[in-house]
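>>> Got a predicted model here, sequence first, then my questions.
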There are 2 protein chains.
Amino acid sequence: MSDIKFTTDNKLDCDIIFFNNIDFSLESGEKLKNLKIAFKTFGKLNSEKSNGILVCHALTGDQYVTGNNPITKKNGWWSRMVGPNKPIDTNKFFVICSNVIGGCAGSTGPKELNEDKNIIYGGEFPSVTIKDMVKAQSLLVDALNISKLFSVIGGSMGAMQALQWAIDFPEKISNIIHIAGALKHSAQNIAFHEVGRQAIMNDPVWKKGTYSDNSERPERGLSVARMIAHITYLSEDAMHRKFGRKLQSRDIISFGFDADFQVESYLRYQGKSFVERFDANSYLYLTRAMDYFDYDETFNKKIEFSQNSNDHLKYLIVSFTSDWLFPTQESKIIVNNLNQLSKQVSFLEIETDKGHDSFLLDEPQLDTLINGFLVSNFKELNE
Amino acid sequence: MSDIKFTTDNKLDCDIIFFNNIDFSLESGEKLKNLKIAFKTFGKLNSEKSNGILVCHALTGDQYVTGNNPITKKNGWWSRMVGPNKPIDTNKFFVICSNVIGGCAGSTGPKELNEDKNIIYGGEFPSVTIKDMVKAQSLLVDALNISKLFSVIGGSMGAMQALQWAIDFPEKISNIIHIAGALKHSAQNIAFHEVGRQAIMNDPVWKKGTYSDNSERPERGLSVARMIAHITYLSEDAMHRKFGRKLQSRDIISFGFDADFQVESYLRYQGKSFVERFDANSYLYLTRAMDYFDYDETFNKKIEFSQNSNDHLKYLIVSFTSDWLFPTQESKIIVNNLNQLSKQVSFLEIETDKGHDSFLLDEPQLDTLINGFLVSNFKELNE
């Protein structure tokens, strides 16, 4: 039996749950003896414990979904969506957001201590998958004494987690909201991730992930990886609208390799600010987890097998017209599969030119959709 | 007056023309006192000197358009298009292909000696533009005693050069074939180039471009830059068809950072083989030249100004449906502009899923189109 302890980390301004002497088996076959999950909660759990919502973060997200993020000193990544009187209303719901395992904001991951060896895991951290992340989240939810979450919500890698919840723990949730995701990571997506990983692993400072011993971190590689990824998060139209060929702080081109164009300067800034808040090894592990995600052939069986026919699990699937990383076609495959299985599924493709990152940006249609879905379903459940 | 000398480079298996004591002004305002152009010719110039075709290479191309490439030991980059009885038939036409200035296959570029200082140029090479490349090509054509080329043909960066010929030297050409190009480099294209440059400049071996003194070259950075670019040359469909999520030499995933997926292994190979044949500084200079290319606002004026109304310059503009780097829309802008100016323009969008690289690959429709355009126009001119 594992030894569970809750504590508060003042520096990280979040809660931490420790599972000590646990036998946490990963999909790879490897095991973690201790597990630590850093998380935040917002709002209050009602007496029936029926208003819990788990928000799953994307690749470079963290537990700071709203409020202040002590690492970046900025607002949380979904502050516009989560909070009192916001679309995911913390006056009504109890929102939980935890850092995924393999991450770098306090949960067990490559940046943390391998207690067996008394050294930082680094490149010796075992491979984690989306399934492993969700399994860890389910332990946290159990420890919070919530037997059934009202909803699991996420975009991008968060959507993969939401889908994994529907596959692995259908009896523990009432609905999922799946935004800008897919049943599998495509060849092109794997390719972009692989180039990012090569940029990191080619950085001489990386040293097979052991850089925690040194004064230098592989910031140059990580920054290039972030720049590549950032291009894929925007649409070409959004880039054109935002930057076009506008020059940065000059009237004419410099005939050199300075950031002549605003888009260059913007990308350099994105790379630079990212390395201040993210760990290069975590980037490797989490991109790999996304690459490994694949229910293309097995989704129907998994869903059919895991849910009896009178289950009430509801699905809201959302995509964006200009998202070329997780295009609408991928969402439609999920919807078609769920329809074939006679599941309760709603689907909306939102017209926007903001690309994959639309779910993080100001998209009033998404706000209305999520709020409407949550409120009406919560009302139905409690009638 | 410049001092012109022709010679043959046995190692490079090509011709070299030296312009010594020339005052070659670049668009940046800087000057080159000596100029060297490495080139290959195929077929025979006819007695009227009317059958000359200049083929312009793309970013990572060279003068080895067909036949054996002594650097890669492989066939030239457009062997399927150029040669005896091929679509650009060297039994009929005299084909010239020269390495662009700023390149790394023998023409004046960052890899070559700065004779003023007796050191390799490296990062001190002046910025070059597409206009500069074309100006150098025009000197070569003059030195070959060809007063009017029959055609200038190119894809991607080669298309930019073809368009530049139409702008700067309309009286010296009969037609251009412009494949997979645009009036300007878009924000997204600049962004991808910038990330590649950052990968190179972040490589600690690069040392502001002075690596020629050292035993090591910035191969890791250049390899990442090539991998990024390579993704953009393919379409998502082509990647899916070619690789999907197929595993490389294994039945199950490795739960690690080896190349599990074929697409990863393919990209790593692309990166690795590229650094054996290409210079990192050249990559910086040539990507920059493409970024600077911009006739978005000025094209009509330039074309109108440079050509009198009874000129016979013909344009063939070709695009590919799945090219997301230089999408058809960009070609259509050129066609619309030329139509407004009542120029003779033909346009074809070829249906293919092979992406931007289609012009280098087996596309029989492109072969037929180019051959038909050349043969019919050559016949018309000589009637």
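That came through fine.

>>> average pLDDT across the helix ranked longest in chain A?
Determined from DSSP state H, the single longest helix within chain A is helix A:364-381. Across helix A:364-381, the average pLDDT comes to 97.

>>> For that helix, give me every contacting residue.
A:50-51, A:53, A:80-81, A:87-89, A:92-93, A:150-151, A:153, A:174-175, A:177, A:179, A:314, A:316, A:318, A:346, A:348, A:350-352, A:358-359 (C-beta atoms under 8 Å, 6 or more residues apart in numbering or on different chains). To be clear about C-beta, it is placed using only N, CA and C from the backbone, and glycine gets the same treatment.

>>> who's in contact with the spatially most central residue of chain A?
Per C-alpha atoms, centre = their mean, the C-alpha nearest to the average position across chain A is that of A:Ala58, at 2.0 Å. By C-beta under 8 Å, 6+ apart, the residues touching A:Ala58 are A:77, A:154-158, A:360.

>>> Distance from stretch A:351-360 to the middle of the chain?
16 Å (C-alpha atoms, centre = their mean, to the nearest Å).

>>> And for A:Gln164, nearest residue in space, chain neighbours not counted?
Closest residue to A:Gln164 apart from its sequence neighbours, by C-beta to C-beta, 6 or more residues apart in numbering or on different chains: A:Val134 at 4.3 Å.

>>> one step back: show the buried residues in the contacts of helix A:364-381.
Neighbour-count burial (16 or more other C-beta atoms under 10 Å in any protein chain shown) applied to these gives A:50-51, A:53, A:80-81, A:87-89, A:92-93, A:150-151, A:153, A:174-175, A:177, A:179, A:314, A:316, A:318, A:346, A:348, A:350, A:352, A:358-359.

>>> Give me the subset of these that lies in helices.
Among the buried ones among the contacts of helix A:364-381, DSSP H puts none in helices.

>>> List the contacts of A:Phe150.
Counting by C-beta under 8 Å, 6+ apart, A:Phe150 has contacts A:50-53, A:93, A:173-175, A:374, A:377-378, A:381.

>>> on that earlier part again, and the longest helix of chain A, what's buried?
Residues of helix A:364-381 classed as buried: A:366, A:369-370, A:373-374, A:377-378 (neighbour count, 16+ other C-beta under 10 Å).

>>> Convert that helix to CSV, retaining C-alpha atoms only.
Provided in CSV are the C-alpha atoms of helix A:364-381 (Å, rounded to 0.1, in the frame of the first residue of the first chain):
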residue,chain,number,x,y,z
PRO,A,364,-15.5,33.7,-28.0
GLN,A,365,-17.2,30.9,-29.9
LEU,A,366,-15.1,28.4,-27.9
ASP,A,367,-15.9,30.1,-24.6
THR,A,368,-19.7,30.0,-25.3
LEU,A,369,-19.4,26.4,-26.5
ILE,A,370,-17.5,25.1,-23.5
ASN,A,371,-19.7,27.0,-21.0
GLY,A,372,-22.9,25.9,-22.6
PHE,A,373,-21.8,22.3,-22.7
LEU,A,374,-20.7,22.3,-19.1
VAL,A,375,-23.7,24.1,-17.7
SER,A,376,-26.4,22.2,-19.6
ASN,A,377,-24.8,18.8,-18.8
PHE,A,378,-24.3,19.7,-15.1
LYS,A,379,-27.9,20.8,-14.8
GLU,A,380,-29.1,17.5,-16.5
LEU,A,381,-27.0,15.4,-14.1
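
>>> Phi, psi for A:Asp9 please.
A:Asp9 adopts backbone torsions of phi -100, psi 110, taken as degrees, to the nearest 10.

>>> Sorry, wrong one. I was asking about A:Phe192.
Taking degrees, to the nearest 10 as the convention, A:Phe192 sits at phi -60, psi -40.

>>> before we move on, what about the one 3 residues further on?
Reported as degrees, to the nearest 10, the phi and psi values for A:Val195 are phi -60, psi -40.

>>> So what's the predicted local confidence for it?
At A:Val195, pLDDT is 97.

>>> Could you do A:Glu115 as well?
A:Glu115 is assigned a predicted lDDT (pLDDT) of 88.

>>> which non-adjacent residue is nearest it?
A:Asn34 is the one closest to A:Glu115 (C-beta to C-beta, 6+ apart), at 5.7 Å.

>>> Does the one you found touch A:Asp23 like I think?
No: shown here, A:Asn34 and A:Asp23 do not form a contact pair, counting by C-beta atoms under 8 Å, at 10.3 Å.

>>> which of these two has more neighbours?
A:Asn34 (18 against 10; other C-beta atoms under 10 Å in any protein chain shown).

>>> Next one: the more buried one, what pLDDT does it get?
94.

>>> which residues sit in contact with it?
Applying C-beta under 8 Å, 6+ apart, the residues near A:Asn34 are A:18-22, A:108, A:115.

>>> again, only this time at 7 Å
For A:Asn34, the contacting residues are A:19-20, A:22, A:115, by C-beta atoms under 7 Å, 6 or more residues apart in numbering or on different chains.

>>> quick one: which of these has the most company?
A:Phe19 (22 neighbours).

>>> which ones are touching the nearest residue to that residue once chain neighbours are set aside?
Sequence neighbours aside, A:Leu35 is the residue nearest to A:Phe19 in space, at 4.2 Å (criterion: C-beta to C-beta, 6+ apart). The contact partners of A:Leu35, by C-beta under 7 Å, 6+ apart, come to A:19, A:22, A:24, A:108, A:136.

>>> before we move on, what about A:Ile16?
A:7, A:9, A:36, A:38, A:106.

>>> Repeat that for A:Leu247.
A:253, A:260-262.

>>> Among these, name the ones in helices.
Short answer: these in helices (DSSP H) are A:Gln262.

>>> Do a quick rundown of the helices in the stretch 1-150 of chain A.
A:130-143 (DSSP state H, counting those that start in this stretch).

>>> Also the stretch 151-300 of chain A?
Going by DSSP H, counting those that start in this stretch, the stretch 151-300 of chain A shows helices at A:157-168, A:187-201, A:219-233, A:236-242, A:262-275, A:280-292, A:299-306.

>>> burial of A:Leu26, as a residue count?
A:Leu26: 19 surrounding residues under other C-beta under 10 Å.

>>> That one and A:Ser212: what is the separation?
Distance of A:Leu26 to A:Ser212, given as C-beta to C-beta, to the nearest Å: 21 Å.

>>> do the same with A:Lys86
37 Å.

>>> which stretches of chain A have low pLDDT?
A:1, A:306-311 (pLDDT under 70).
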